[in-house]
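**Student:** next one to model:
(one chain, ligands or ions: 1)
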Amino acid sequence: MTTDKDYELFKKKVKAKIGLDLDNYKEQQMRRRINQLMQKHNVSNYPDFIKLLDNDSSLLQSFTDYLTINTSQFFRDTSVYQALEKELLPDLISNGGVIKVWSAGCSIGAEPYSLAMLLQEQAPKGNWRITATDFDVNILAKAKAAVYPENTLTNVPKHYRQRYFTAQGHDFALSPQIKSLVQFRQHNLLTDKFESGCDLILCRNVFIYFTAETQAALVSKFIEGLKPNGYFIIGCSEMIMDPARYKLKKIRPAIYQKIE
Ligand SMILES: C[S@@+](CC[C@H](N)C(=O)[O-])C[C@H]1O[C@@H](n2cnc3c(N)ncnc32)[C@H](O)[C@@H]1O
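**Tutor:** Residues are numbered from 1 along each chain as shown. All right, here's what the predicted structure looks like:
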């Protein structure tokens, strides 16, 4: 049996152990996921689960991975990547100067690497930097290794697949050239300092897990870090209520531009 009081204590322990404050995440969804994991390990209450996590560091890491939900794929949502290729990147390239891109909540790296392929095609010797961050160190290690199962490559345009991926057993290894174009680092959106002076920020399929208050606070911080006329892209199932409040104009589904 688990009680609300037990859950409050559990959240405190999780915050102390892995640095993630679950108060910012939608409670029902989070409790459902934690309960599923507890069931899998034959644990019926939070205090016992904490004891288990205390004694098993690999379970603690799988717990972190499980909580943070890492689902991703290359060129996720074709319409967004078409807009990036045909409008947003040409616009940023035509402005001149260094283009600063931040992929926040980058998971396995499929998102920043997709951007690197597009930029490499359009501005091969261009002045651009892609920073990719995530809370989960395990997933960042996978991003840096850059070897992917085929189901993450479904939307990769054929010529990119031929040029930038090599079969490795059942998986596909990304070319060292594209790997070298993305800088990964650990970053907690809830506690760490945000990037500044960005031309393009993607924070896709991350907001859905947060409470409405936390989402609003994060959007404000992202927009502070964006240059005037810079672009902010969220997930296709996500939404910014009243974008003008953040000095944003919606230009396509999931794509916003900072108004000067
Ligand atoms: C569903 S994935 C999205 C990946 C990619 N942006 C995409 O759309 O395909 C969500 C990512 O958000 C990360 N995340 C969750 N909470 C976070 C936090 N507080 N700070 C930074 N990243 C977080 C997770 O680790 C996970 O990799």
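**Student:** any part of stretch 196-210 near the ligand?
**Tutor:** Yes. Contact of stretch 196-210 with the ligand (C-beta under 6 Å from any ligand atom) involves 204-206. No exception for glycine: its C-beta is placed from N, CA and C like everyone else's.
**Student:** need those in a markdown table with neighbour count and secondary structure, can you?
**Tutor:** A markdown table is the format used below for these (neighbours: other C-beta atoms under 10 Å; DSSP: H, G, I helix; E, B strand; the rest coil):
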| residue | neighbour count | secondary structure |
| --- | --- | --- |
| 204 | 23 | coil |
| 205 | 20 | coil |
| 206 | 22 | coil |
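**Student:** can you list the residues of the stretch 51-200 of the chain near the ligand?
**Tutor:** Where the stretch 51-200 of the chain comes near the ligand, counting by C-beta under 6 Å from any ligand atom, the residues are 68-72, 76, 105-107, 111, 134-136, 139, 187-190.
**Student:** name the nearest residue to the most centrally placed residue in the chain, ignoring sequence neighbours.
**Tutor:** The structure's the chain has its C-alpha centroid closest to residue 105; by C-alpha atoms, centre = their mean the separation is 2.0 Å. Taking C-beta to C-beta, 6 or more residues apart in numbering, and ignoring the residues beside it in sequence, residue 105 has residue 206 as its nearest neighbour in space, at 3.5 Å.
**Student:** let me see the contact set for that neighbour.
**Tutor:** Applying C-beta atoms under 8 Å, 6 or more residues apart in numbering, one finds that residue 206 lies in contact with 104-105, 189, 235.
**Student:** keep only those of those that are in strands.
**Tutor:** Where the contacts of residue 206 overlap with strands, as defined by DSSP state E, the overlap consists of residue 104.
**Student:** out of the contacts of residue 206, which is nearest to residue 197?
**Tutor:** Sorting the contacts of residue 206 by how near they are to residue 197, with C-beta to C-beta, puts residue 104 at the top with 14.7 Å.
**Student:** can you pull out the strands in the stretch 51-200 of the chain?
**Tutor:** Listed in chain order, the strands found in the stretch 51-200 of the chain under DSSP state E, counting those that start in this stretch are 99-104, 128-134, 147-149, 165-168, 171-174, 182-186, 198-202.
**Student:** quick revisit: what subset of the residues of the stretch 51-200 of the chain next to the ligand is buried?
**Tutor:** Among these, the ones that count as buried by 16 or more other C-beta atoms under 10 Å are 68-70, 72, 76, 105-107, 111, 134-136, 139, 187, 189-190.
**Student:** just the helices in the protein please.
**Tutor:** Using DSSP state H, the helices assigned to the chain run over residues 4-18, 27-40, 46-55, 57-68, 78-83, 89-94, 110-122, 137-145, 158-164, 176-179, 212-224.
**Student:** where does residue 1 land on pLDDT?
**Tutor:** Note for residue 1: predicted pLDDT of 62.
**Student:** also residue 228?
**Tutor:** In the prediction, the pLDDT value recorded for residue 228 is 96.
**Student:** which residues does it contact?
**Tutor:** For residue 228, the contacting residues are 258-260, by C-beta under 8 Å, 6+ apart.
**Student:** what is the lowest-mean-pLDDT helix or strand in the chain packed up against?
**Tutor:** Counting by mean pLDDT, DSSP states H and E, the weakest-scoring helix or strand in the chain turns out to be helix 57-68, with a mean of 87. Here helix 57-68 is seen to pack against helix 4-18, helix 27-40, helix 46-55, helix 137-145 when contacts are counted using 3 or more C-beta pairs under 8 Å, 6 or more residues apart in numbering; DSSP states H and E.
**Student:** list the buried residues in the longest one.
**Tutor:** Taking 16+ other C-beta under 10 Å as the neighbour-count basis, helix 4-18 is seen to contain the buried residues 6-7, 10-11, 14, 18.
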